[in-house]
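Student: For reference, the sequence and a predicted model appear below.
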Amino acid sequence: MANTKSSLKRAEIAERNRLRNKAYKSAVKTLMKKYINAVAVYTANPTPELKQEAQARLSEAYAKIDKATKRGVLHPNNGARKKSRLAQKLKPLTQAVAQ
């Protein structure tokens, strides 16, 4: 247990930051799952509307990942890796339909 006033304050700040980081990470995971589900639906029935939906979900996920990286919740390489893996999900599908 913290003994000094400054160590108590640091413990409070650490807890506040932990909760904020947890919220960001949870939001990133949720948006990634929504995007993956949208890609799965698009794969089953490739229509322009479903493609737009998947791209909208991708944009939302990218924005949240970028914001988490900017805030220091995610390491920049971790954010880049997540974005790359999301892009890989949709790329082969769009190229197959375009050909």
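Tutor: Great, that's in hand. Residues are numbered from 1 along each chain as shown.
Student: Every contact and neighbour count from this point should use C-alpha atoms.
Tutor: Fine.
Student: how close does Q95 get to L58?
Tutor: In this view, Q95 and L58 are 17 Å apart by C-alpha to C-alpha, to the nearest Å.
Student: Name the residue in those two with the higher neighbour count.
Tutor: L58 (22 against 9; other C-alpha atoms under 10 Å).
Student: who are the neighbours in contact with the nearest residue to that one once chain neighbours are set aside?
Tutor: Excluding its sequence neighbours, the residue lying closest to L58 (C-alpha to C-alpha, 6 or more residues apart in numbering) is Y35, at 5.9 Å. Applying C-alpha atoms under 8 Å, 6 or more residues apart in numbering to Y35 gives the contacts A54, R57, L58, A61, L86.
Student: Low-confidence ranges, the protein, go.
Tutor: In the predicted model of the chain, residues 1, 96-99 satisfy pLDDT under 70.
Student: all helices of this protein, in order?
Tutor: For the chain, helices defined by DSSP state H occupy the ranges 5-44, 48-71, 76-98.
Student: okay but L74 is in contact with A68, surely?
Tutor: Yes: with contact defined as C-alpha atoms under 8 Å, L74 counts as touching A68 (5.7 Å).
Student: Who has more neighbours out of the two?
Tutor: More crowded of L74 and A68, by other C-alpha under 10 Å: A68, with 21 against 18.
Student: Tell me how far the more buried one lies from A61.
Tutor: 11 Å.
Student: again, but for T43
Tutor: Relative to A61, and taking C-alpha to C-alpha, T43 is found at 19 Å.
Student: Same question for M32.
Tutor: When distance is defined by C-alpha to C-alpha, M32 is 6 Å away from A61.
Student: what residues are up against the residue nearest to the spatial centre of the chain?
Tutor: Geometric centre of the chain, nearest residue: V28, 3.0 Å, by C-alpha atoms, centre = their mean. Going by C-alpha under 8 Å, 6+ apart, V28 touches A61, K64, I65.
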